[in-house]
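**Student:** got a sequence here, can you model it:
(chains A, B, C and D)
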Number of protein chains: 2
Amino acid sequence: MTDTAQTEAFGFRPLYRQVKESLVRRLIEGEWQPGQLIPSEMELSRELGVSQGTVRKALDTMRAENLLIRRQGRGTYVAEPEHGDLRFQFFRLVPDDGEHVFPASRTLRRVQAEADQEEAKALGMRQKDPIWRVERIRMLENVPSIIETISLPEGRFPGFDSLDDVPNNLYRIYSQRWGITIGSATEQLKAVGASVRDAKHLDCRSGHPLLRIARTAFDLERNAVELRVSRCLTEDAYYLSELR
Amino acid sequence: MTDTAQTEAFGFRPLYRQVKESLVRRLIEGEWQPGQLIPSEMELSRELGVSQGTVRKALDTMRAENLLIRRQGRGTYVAEPEHGDLRFQFFRLVPDDGEHVFPASRTLRRVQAEADQEEAKALGMRQKDPIWRVERIRMLENVPSIIETISLPEGRFPGFDSLDDVPNNLYRIYSQRWGITIGSATEQLKAVGASVRDAKHLDCRSGHPLLRIARTAFDLERNAVELRVSRCLTEDAYYLSELR
DNA sequence: TAGTGGTCTAGACCACTCG
DNA sequence: GAGTGGTCTAGACCACTAA
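**Tutor:** Alright, predicted model coming up:
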C-alpha cells in the first residue's frame, strides 16, 4: 500500500482502511459490476502487498456496509441493489397479514421540472435547478396504496426522458444505465392528511391520515441522488423499523 | 471452552460464538453491571483457555450489538441503556428545526389491567393476563406532542405500582430495579386519526392525522418485555429512519 | 480435489490512557 | 512505564462449493 509507515505523524490511518478505500474507489469507478465476482483474498493480498488478514478486515467491513456479499467456498461478489435478500433493504412497508412483497407500480406522469424548496434542500441543489420528476401509484395486494413522487437531478441522469418506460425497480436501472449505485438512505416519516389529488388516486377521503415517507437516497460517495416522497395508506400495512 | 473439537458432527458453532454466549450469559446474570469495566482481553483469554484473538472477536461482535463499549487504553465497559450517545437509540422523533432532545413527560394514569389482544400478541401472553399499564403525555419543545401507552407484563415487574412516580427514562429503571436490560426493539408505524381522547390531550381535532408508533422492546434474551404505543403530532417533527 | 471464505492461534508492534 | 485495546502478520486447519 501507499503508506507503509504507521507513524506518519498526523493523520494515522490503519492499513485495512486504506485497502478498503482503494477497493471502494475501484467499485465506484466500475472496475467490478454489481453481481460480479471480485478477486479472492489471496489474490488481493498479493496484488496490494498486504497480508490476507488485512484484506479480510477490509472486505468484512465492506460487507457490513452491504457493498459486498461473501460466500464460503464461492467467493466475494459485488452486492446488487434491491436483489435477493437486499430487495427489501429500502422498502419497509409490510402488510398486516401476509407476505412482505415488492409492490407493482403504474406511472402517472413523468416530467421535467424545476426543483422546489424541499427537492433542492434534499438533493443539495438550488431552487429552480432542473430535475426529472416522476409520479406513480403502487399496489399492495392489488389495492392502490402508495402514491409516490420521485425527483432526480437532471444532470446525474442524462436521457432519463428517453427511457421507454419507468421500470418498477428503479435502483437497478440507476446502476445499469447511469452507474449510480444506491448505498444508503434516510427516511423522514410524518402523518399527513390526504390531498384531494392523493385521495382520488388512493380512493379515500381527502384529509384521510396517510403515512408520508420522504426518502433521500445516497450513492456510494454519499451524494444525494434521489428524493422520493411517498404517501401511504396504512389501514392494512405498517412501516417496520428495527432498532439495533 | 466446552467444545474443543470443531467437527462435532451436527451443530458446529465457532469458538468465538461460544465465548460470546458465555459472556452474554454473565451479563444477563448480572455479574457485570452497566457502566462497569469487565476483564481485559488477556484476562478473559487466560480464564477461558482461548486465544486473545478469539476473545477479541467475541467482544467486537458484542460491541456491534451495543452491549459493550470499548476504549483503547482504558478497557471494555458494559453499555448503559439510554446513556450518552445511546440515549436516542430508541427515540427517533426529531423536531423539524432544532435539537434532537429527550422529551419531558407527565403521567396521566397508571393502572393494573388485563392484556388486550394487541398487548397479548406483542408480549407473548394470553388475553386477560395481568399487566401494568401507564399512560402519559410527552412534550416536544414545550408543546404536548406525544401521548403514549406503556404495557408491561406484571410478572416481570413486581412492585411496579409501588414506585413513587414513573420516571421519564423508564429503560434505566427497568435495568436498575428489575435487572431487565432492553437490548433491541421493533417499531411498527402507521398513520391514524386522533381519537377524541387523544385530541383532548394533544390539543387537536379528533380525526387529525397522528403518527402511531407501536414499539415492542426486547431484553438481552430476546423476550418481549414492553409494548409502547405512541401517537404523535408530526406538524413540527419527523420520525427518522436510517437505512444502512 | 482445488480453491474459496471462516476460524483459530501466536506473536509483534502501535496508539491511547492513566498513574 | 505499565496496561489496555487496535492493527498487522504468518500459518494452520475447517467448512463449503464447484468442476
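**Student:** distance of residue A:33 relative to residue B:14?
**Tutor:** Distance of residue A:33 to residue B:14, computed by Cβ to Cβ, to the nearest Å: 32 Å. In short, each C-beta sits where N, CA and C put it, glycine included.
**Student:** please apply the same query to residue A:53.
**Tutor:** Separation of residue A:53 from residue B:14 (Cβ to Cβ): 17 Å.
**Student:** likewise residue A:12?
**Tutor:** 31 Å.
**Student:** repeat that for residue A:176.
**Tutor:** Residue A:176 is 38 Å from residue B:14, by Cβ to Cβ.
**Student:** residues of chain A that sit close to DNA strand D?
**Tutor:** Counting by Cβ under 7 Å from any atom of the strand, the positions of chain A adjacent to DNA strand D are A:6, A:14-17, A:50-54, A:57, A:71-74.
**Student:** of those, closest to residue B:227?
**Tutor:** Within these, proximity to residue B:227 (Cβ to Cβ) peaks at residue A:71, which comes in at 38.3 Å.
**Student:** count the residues that sit near that closest one.
**Tutor:** Per other Cβ atoms under 10 Å in any protein chain shown, the neighbour tally for residue A:71 reads 9.
**Student:** what does residue A:152 give?
**Tutor:** Neighbour tally, residue A:152, other Cβ under 10 Å: 23.
**Student:** repeat that for residue A:137.
**Tutor:** Residue A:137, neighbours per other Cβ under 10 Å, totals 17.
**Student:** for the helix or strand harbouring it, packing partners?
**Tutor:** According to DSSP states H and E, residue A:137 maps onto strand A:130-140. Judged by 3 or more Cβ pairs under 8 Å, 6 or more residues apart in numbering or on different chains; DSSP states H and E, strand A:130-140 is in contact with strand A:105-114, strand A:143-153.
**Student:** okay, the ones you listed in JSON lines with mean pLDDT next?
**Tutor:** Compiled in JSON lines, the helices and strands packed on strand A:130-140 are given as follows (pLDDT from 0 to 100):
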{"stretch": "strand A:105-114", "mean pLDDT": "95"}
{"stretch": "strand A:143-153", "mean pLDDT": "96"}
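**Student:** residue A:42 is nearest to which of the ones you listed?
**Tutor:** strand A:143-153 (41.0 Å).
**Student:** now do whichever helix or strand comes after that closest one against strand A:143-153: the angle between them, please.
**Tutor:** Proceeding C-terminally, strand A:143-153 gives way to helix A:170-178 as the next helix or strand, assigned by DSSP H and E. For helix A:170-178 against strand A:143-153, the angle by axes from the mean of the first three to the mean of the last three Cα atoms, to 10 degrees is 30 degrees.
**Student:** put the alpha carbons of helix A:170-178 into PDB.
**Tutor:** Written as PDB, here are the backbone C-alpha positions of helix A:170-178 (Å, rounded to 0.1, in the frame of the first residue of the first chain):
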ATOM      1  CA  LEU A 170     -35.600   2.000 -10.300                       C
ATOM      2  CA  TYR A 171     -32.400   1.400  -8.300                       C
ATOM      3  CA  ARG A 172     -31.500  -1.400 -10.600                       C
ATOM      4  CA  ILE A 173     -31.700   0.800 -13.600                       C
ATOM      5  CA  TYR A 174     -29.800   3.700 -11.900                       C
ATOM      6  CA  SER A 175     -26.900   1.200 -11.600                       C
ATOM      7  CA  GLN A 176     -27.200  -0.400 -15.000                       C
ATOM      8  CA  ARG A 177     -27.800   2.800 -17.100                       C
ATOM      9  CA  TRP A 178     -26.000   5.500 -15.200                       C
END
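**Student:** what mean pLDDT does it get?
**Tutor:** Averaged across helix A:170-178, the pLDDT comes to 88.
**Student:** any idea how far the helix or strand following that helix is from the chain center?
**Tutor:** Once the chain leaves helix A:170-178, the next helix or strand it forms, by DSSP H and E, is strand A:182-193. In terms of Cα atoms, centre = their mean, to the nearest Å, the gap separating the centre of strand A:182-193 from the centre of its chain is 12 Å.
**Student:** is chain B within reach of strand A:182-193?
**Tutor:** Yes. Strand A:182-193 is in contact with chain B by Cβ under 8 Å from any Cβ of the partner chain, via A:183-193.
**Student:** quickly name whichever of those is closest to residue B:213.
**Tutor:** residue A:189 (9.3 Å).
**Student:** just the CA atoms of stretch A:236-244, as CSV, please.
**Tutor:** Output of stretch A:236-244 as CSV, limited to C-alpha atoms (Å, rounded to 0.1, in the frame of the first residue of the first chain):
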residue,chain,number,x,y,z
ASP,A,236,-53.7,-2.8,6.3
ALA,A,237,-49.9,-2.3,6.4
TYR,A,238,-47.3,-0.8,8.6
TYR,A,239,-43.8,0.6,8.3
LEU,A,240,-41.3,-1.6,10.0
SER,A,241,-38.3,-0.1,11.8
GLU,A,242,-35.8,-2.3,13.6
LEU,A,243,-33.8,-0.7,16.3
ARG,A,244,-30.5,-2.5,16.9
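**Student:** and that stretch with chain B, contact?
**Tutor:** Yes. For a cut-off given as Cβ under 8 Å from any Cβ, stretch A:236-244 has contacts with chain B, namely A:237-244.
**Student:** still on that earlier bit, return the most buried member of the helices and strands packed on strand A:130-140.
**Tutor:** Highest mean neighbour count among the helices and strands packed on strand A:130-140 (mean count of other Cβ atoms under 10 Å in any protein chain shown): strand A:143-153, with a mean of 21.
**Student:** tell me what that strand is packed against?
**Tutor:** Short answer (3+ Cβ pairs under 8 Å, 6+ apart): strand A:143-153 packs on helix A:117-123, strand A:130-140, helix A:196-202, strand A:224-232.
**Student:** can you add mean pLDDT and distance to residue B:27 and give those back as a markdown table?
**Tutor:** Output for these, formatted as a markdown table (pLDDT from 0 to 100; distance: least, Cβ to Cβ, whole Å):
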| stretch | mean pLDDT | distance to residue B:27 |
| --- | --- | --- |
| helix A:117-123 | 97 | 41 |
| strand A:130-140 | 95 | 41 |
| helix A:196-202 | 96 | 48 |
| strand A:224-232 | 97 | 39 |
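**Student:** any chance of these in a markdown table, plus distance to residue A:95?
**Tutor:** Converted to a markdown table, the helices and strands packed on strand A:143-153 look like this (distance: least, Cβ to Cβ, whole Å):
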| stretch | distance to residue A:95 |
| --- | --- |
| helix A:117-123 | 28 |
| strand A:130-140 | 6 |
| helix A:196-202 | 16 |
| strand A:224-232 | 12 |
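**Student:** deepest-packed of those, please.
**Tutor:** strand A:224-232 (a mean of 22).
**Student:** contacting residues around the residue most central in space within chain A?
**Tutor:** Nearest to the mean C-alpha position of chain A, counting by Cα atoms, centre = their mean, stands residue A:182 at 3.4 Å. Neighbour list for residue A:182: A:81, A:90, A:171, A:174-175, A:217-219, A:225-226 [criterion: Cβ atoms under 8 Å, 6 or more residues apart in numbering or on different chains].
**Student:** having no further points to raise, I will conclude here.
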